[in-house]
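1. Here is a sequence together with a model predicted from it:
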Amino acid sequence: MPDTRQNIISKLQQDILLWEGFRPPLSGTAETFGLGPVEAAFPNGVFPTGAIHELLTRDIGQAAASGGFIAGLLSVLMQHGGACIWIGMAQTMFPPALKTFGVEPHRVIFVNLLHEKDVLWAMEEALKCSGLAAVIAEVRSIDFKQSRRLQLAVEQSRVTGFILRDAEQLSNTACTARWHITPLPSQPVDGLPGLGHPRWQVNLLKVRNGKPGSWVMEWVNEQFITHAPTQQQEALTQAG
């Protein structure tokens, strides 16, 4: 009887993970997004697609860092076709910059609206379109009910959604994962002066059924590279 009860519990846990977008990796296949140790933080070691991710931002620099990180993920999400919709009240993403992350700007549709409630409505409707690769929305705040509507939409369409929101207006949501991305100074390339590759402090603050963590990441040659954080960076992360 105990074995039967444990089997039932195990099966329910597996079913719940599938419903939430966590799918076990296929035998013999490499990691999907090339996030290295970051992917190990998720159930089954797989970055959850068909789910809603929220990224907290406190200023323009963090918003730009979050946009770059999302663009790197889009380069994988859009490999098999489909467009992406980016919704907001003020276009903060510079379209040509997407090419740095392997994303063709003409495949991203930017929608600028006047009211935040319209941004959330447009995102919900877009997430219902299974032909899209991803939907991104920039909002100041979102409550649990609104986030739950978005989560229900992606559970049907399997489209991946990203919300960039103001960290100062924090609230509980139904999102699968919560991130905080901050920019870091780039490192010289081959000892030469000038700007190097985009570099970020990537903090996974919350993940359903997973393990939060912190990493230093860089975008190099159209792929993510993960570095061990320095003691100073770890101290800054804990202080934040």
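-> Happy to help now that I have it. Numbers count the residues shown, from 1 in each chain.
2. For H115, give its distance to R107.
-> Going from H115 to R107 by CB to CB, to the nearest Å gives 27 Å. Placement of C-beta: from N, CA and C, glycine included.
3. Going by how many neighbours each has, rank those two and give me the top one.
-> Neighbour count, other CB atoms under 10 Å: between H115 and R107, R107 has more, with 14 against 9.
4. And the pLDDT for the more buried one?
-> Here, the pLDDT recorded for R107 equals 93.
5. again with Q238
-> Note on Q238: pLDDT of 49.
6. Confirm that F69 sits in a helix.
-> Yes - assessed with DSSP: H, G, I helix; E, B strand; the rest coil, F69 lies in a helix.
7. From M217, how far off is it?
-> 8 Å.
8. joint contacts of those two?
-> Common neighbours of F69 and M217 (criterion: CB atoms under 8 Å, 6 or more residues apart in numbering): W200, V202.
9. Excluding sequence neighbours, find me the nearest residue to P95.
-> Excluding its sequence neighbours, the residue lying closest to P95 (CB to CB, 6 or more residues apart in numbering) is P105, at 4.0 Å.
10. Would you check that that neighbour makes contact with P96?
-> Yes - P105 is in contact with P96 according to CB atoms under 8 Å; the separation is 6.1 Å.
11. Comparing those two, which shows the higher neighbour count?
-> When P105 and P96 are compared for neighbours, P105 comes out ahead with 13 against 8, by other CB under 10 Å.
12. beta partners of the residue positioned nearest the centre of the chain?
-> Closest residue to the average C-alpha location of the chain: H53 at 5.0 Å, with CA atoms, centre = their mean. H53 has the following beta-bridge partners by DSSP bridges: F162, A177.
13. Next: the one 4 residues further on.
-> Under DSSP bridges, the beta-bridge partners of T57 are D166.
14. Can you give me the neighbour number for it?
-> T57 has 23 neighbouring residues, counting by other CB under 10 Å.
15. From A134, how far out is it?
-> Distance from T57 to A134, by CB to CB: 18 Å.
16. residue ranges with poor pLDDT in the chain?
-> Residue ranges of the chain with pLDDT under 70: 1-3, 6-7, 9-11, 13-31, 191-194, 228-240.
17. And the helices in it, which stretches?
-> All helices of the chain, identified by DSSP state H, fall at 2-19, 60-77, 116-127, 144-157, 231-239.
18. Flag every buried residue along the third one.
-> Using 16 or more other CB atoms under 10 Å as the burial criterion, the residues of helix 116-127 that qualify are E116, V119, L120, A122, M123, E124, A126, L127.
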